[in-house]
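In: Just a sequence and a predicted model for now, questions to come.
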Amino acid sequence: MHEPRTTADVPLQVDVIDLCLMTRLHGGLPLSERPFADVGAELGLDEDGVIERLHHLLAQGVLSRFGPLFQIERSGGLFVLAALAVPPERFAEVTELVNRHAEVAHNYRREHALNMWFVVGAESPAAAEVVLAHIEAETGLAVQAFPKEREFHVELRLPLLDGANLRGDAAAVALAARAAQVLPPVGQAAPQPGTPAGQPPADTPATLSDFDRRLISATQSGLPLVPQPFEAVAVLLDTSSAQVRERLGQMLASGLIRRIGAVPNHYRLGFKANGMTVWDVDDAQVDALGAQIGALPGVSHCYRRPRHLPLWPYNLFAMVHGRSRAEAEQQAARIGTLLGSACRSHDILYSSAILKKTGLRLQER
């Protein structure tokens, strides 16, 4: 539907209304006929104004994309984190080899001997293993795979309004309060407007129907930014808006979609210190402690993953984000304090470049 341009060197043009809109749309998009009009009514904006602002935010790279965030593991698929130790003189070559695989959803350069970290998303564990094997064969480098063993938390919620100067602007303060109303406390998942509240995701993976596959393919790169986005998707699929909205609601309720909304680009918003903190935690305590760490403000992702001894002793991963490395290290210090004597060692791998960031791309059969 749409892909943001590369805009790292373009001056940022974002106002308080943009920040409020992104905050509101982090909490989800209503599954209604005219969702942008509904969101605008909540914030005192008109429908065209909401759509125009979203176009502008995407064009600036402030939003990575706008649409559903799919959790393919809910249908038997797999997201697997993997890493390579790439010789500096081969980095550009290996980046091209890795990124040409459509299944590679994200790829980052990190400051470590394992300096390339990427995520493969595939419809089955076997398909993910095939991609990893191809990357190993094509690059001639050993792929270190870190499949998720347990997920404690996934939600990048940036404090966008914390740094905004709202003092003396009563209208801006009121708008910020309305925008934040849909967000739950940190550590809880955001309820999606138009879906059943409090319904836990299904434990049994669902099988994707042909319609599901076509719906995912039509929306995985983003929703069309038009007054009736679900009608536009329905036209592509030769079905009704009601059926599209109903199935998206079911996918949300089952956990196949985490949420539908704005995906902010933390780099463009000033959060340039993004550290993957990794911890060697006592196996008997890691699950209980991982749940506590996942609930900490500032932690966007928290997982238990396998060790690769002797190269990699760490079994707990937690992403932190700060406007500076000092901020990120303060967050890491809080994690370390919580872990206490259960942690034997740790490290912080800062990302120094985004090599690819597209999200899931379901392959045609």
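Out: Happy to help now that I have it.
In: Work out for me the element the residue nearest to Gln292 when sequence neighbours are not counted sits within.
Out: On the basis of CB to CB, 6 or more residues apart in numbering, the spatially nearest residue to Gln292 that is not a chain neighbour turns out to be Leu338, at 5.9 Å. Where C-beta positions appear, they are placed from N, C-alpha and C, glycine not excepted. Leu338 belongs to helix 325-339 when assigned by DSSP states H and E.
In: Now that helix: buried residues?
Out: By 16 or more other CB atoms under 10 Å, the buried positions in helix 325-339 come out as 327-329, 331-332, 334-335, 339.
In: Which strand runs longest in this structure?
Out: strand 343-357 (DSSP state E).
In: Neighbours of Lys357, how many?
Out: 16 (other CB atoms under 10 Å).
In: Relative to His56, how far out is it?
Out: Distance, Lys357 to His56, by CB to CB, to the nearest Å: 20 Å.
In: tell me the secondary structure for Gly270?
Out: Recorded secondary structure, Gly270: coil (DSSP: H, G, I helix; E, B strand; the rest coil).
In: residues near it, how many?
Out: 15.
In: how about the helices in the stretch 201-350 of the chain?
Out: 210-219, 229-237, 241-254, 286-294, 325-339 (DSSP state H, counting those that start in this stretch).
In: Any regions of the stretch 101-250 of the chain where pLDDT drops low?
Out: 159-205 (pLDDT under 70).
In: tell me, how many neighbours does Glu149 end up with?
Out: Using other CB under 10 Å: Glu149 sits among 12 other residues.
In: Not including adjacent chain positions, what is the nearest residue to it?
Out: Arg304 (4.6 Å).
In: contacting residues for the one you found?
Out: 148-150, 152, 286-287, 290, 315-317 (CB atoms under 8 Å, 6 or more residues apart in numbering).
In: switch to 6 Å and redo it
Out: 149-150, 286, 290, 315-316 (CB atoms under 6 Å, 6 or more residues apart in numbering).
In: Just send these back as TSV, with distance to Val226 too.
Out: Below are these laid out as TSV (distance: CB to CB, whole Å):
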residue	distance to Val226
Glu149	41
Arg150	40
Val286	46
Gly290	41
Asn315	46
Leu316	43
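In: ChimeraX command to pick out the buried ones of those?
Out: Buried members of the contacts of Arg304, defined by 16+ other CB under 10 Å, are picked up in ChimeraX with:
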select :286,290,315,316
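In: wait, which of the contacts of Arg304 is closest to Arg109?
Out: Leu316 (22.4 Å; CB to CB).
In: I'd say the closest one and Val278 touch.
Out: No. Leu316 sits out of contact with Val278 when judged by CB atoms under 6 Å, with a separation of 7.0 Å.
In: Quickly list what's touching both of these two.
Out: Listed as contacting both Leu316 and Val278 by CB under 6 Å, 6+ apart is no residue at all.
In: still on that earlier bit, direction included, what does the longest strand of the chain pair up with?
Out: Strand 343-357 sits in its sheet next to strand 104-110 (antiparallel), strand 273-281 (antiparallel), going by DSSP bridges.
In: average pLDDT for the helix holding Leu338?
Out: Helix 325-339 carries an average pLDDT of 96.
In: That one versus strand 273-281: what angle between them?
Out: 20 degrees (axes from the mean of the first three to the mean of the last three CA atoms, to 10 degrees).
In: Check which helices and strands helix 325-339 is in contact with.
Out: Here helix 325-339 touches strand 273-281, helix 286-294, strand 316-322, going by 3 or more CB pairs under 6 Å, 6 or more residues apart in numbering; DSSP states H and E.
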